[in-house]
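*Asks:* everything below, folded, please.
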Amino acid sequence: DVQLQASGGGLVQAGGSLRLSCAASGFTFRDYAIGWFRQAPGKGREAISCISIKDDRTYYADSVKGRFTISRDNAENTVYLQMNSLKPEDTAVYYCNVRELVPRFNDYWGQGTLVTVSS
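*Replies:* All right, here's what the predicted structure looks like:
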């Protein structure tokens, strides 16, 4: 079974930093992307950042470009999201996601971790 263990959320003041971690296990997909979504209160879930395992290409939502950085540790099968210059609008539950790409799209989710940014 796919298991995604997210951690690192918390309360931080605006302008501060947090690093989220997602430890992934239980799968051997041919090709996949791993990354983060978030869901703010009263809003839908949005893609924030992901990294392709095949070619290390990264994606960032416009709202976080220049502030967030995604990276991965292959040995530990862990992906990180370094979040700098946090804003109150970054407050949300952050979810780790693995998207299997081949032979078809399948999404797998970890439990969320809450990030609260105070003004």
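
*Asks:* who does the residue nearest the centre of the chain bridge with?
*Replies:* By CA atoms, centre = their mean, the chain has its centre lying nearest to residue 36, at 2.2 Å. Going by DSSP bridges, residue 36 is paired in beta bridges with residue 49, residue 96.

*Asks:* residues touching it, list them.
*Replies:* 20, 22, 47-50, 70, 81, 94-97 (CB atoms under 8 Å, 6 or more residues apart in numbering). For every residue, glycine as well, the C-beta is placed using N, CA and C.

*Asks:* cool, and residue 26?
*Replies:* 1-3.

*Asks:* now rank the residues you listed by neighbours and give me the top one.
*Replies:* Taking other CB atoms under 10 Å as the neighbour criterion, residue 2 ranks highest of the contacts of residue 26 with 15 neighbours.

*Asks:* that one and residue 38: what is the separation?
*Replies:* 20 Å (CB to CB, to the nearest Å).

*Asks:* how near is residue 51 to residue 14?
*Replies:* 27 Å.

*Asks:* that should have said residue 76, apologies.
*Replies:* Counting by CB to CB, the gap from residue 76 to residue 14 is 31 Å.

*Asks:* looking at the two, which one has more neighbours?
*Replies:* residue 14 (14 against 11).

*Asks:* is the more buried one in contact with residue 89, as I believe?
*Replies:* No. Using CB atoms under 8 Å as the test, residue 14 is too far from residue 89 to be in contact (9.6 Å).

*Asks:* shared neighbours of the two, anything?
*Replies:* Listed contacts common to residue 14 and residue 89 are residue 117; contacts here mean CB under 8 Å, 6+ apart.

*Asks:* quick one: low-confidence parts of the chain?
*Replies:* In the predicted model, the chain carries no residue with pLDDT under 70.

*Asks:* please enumerate the strands of it.
*Replies:* 3-7, 10-13, 18-25, 32-39, 45-52, 58-60, 68-73, 78-83, 92-100, 106-109, 113-118 (DSSP state E).
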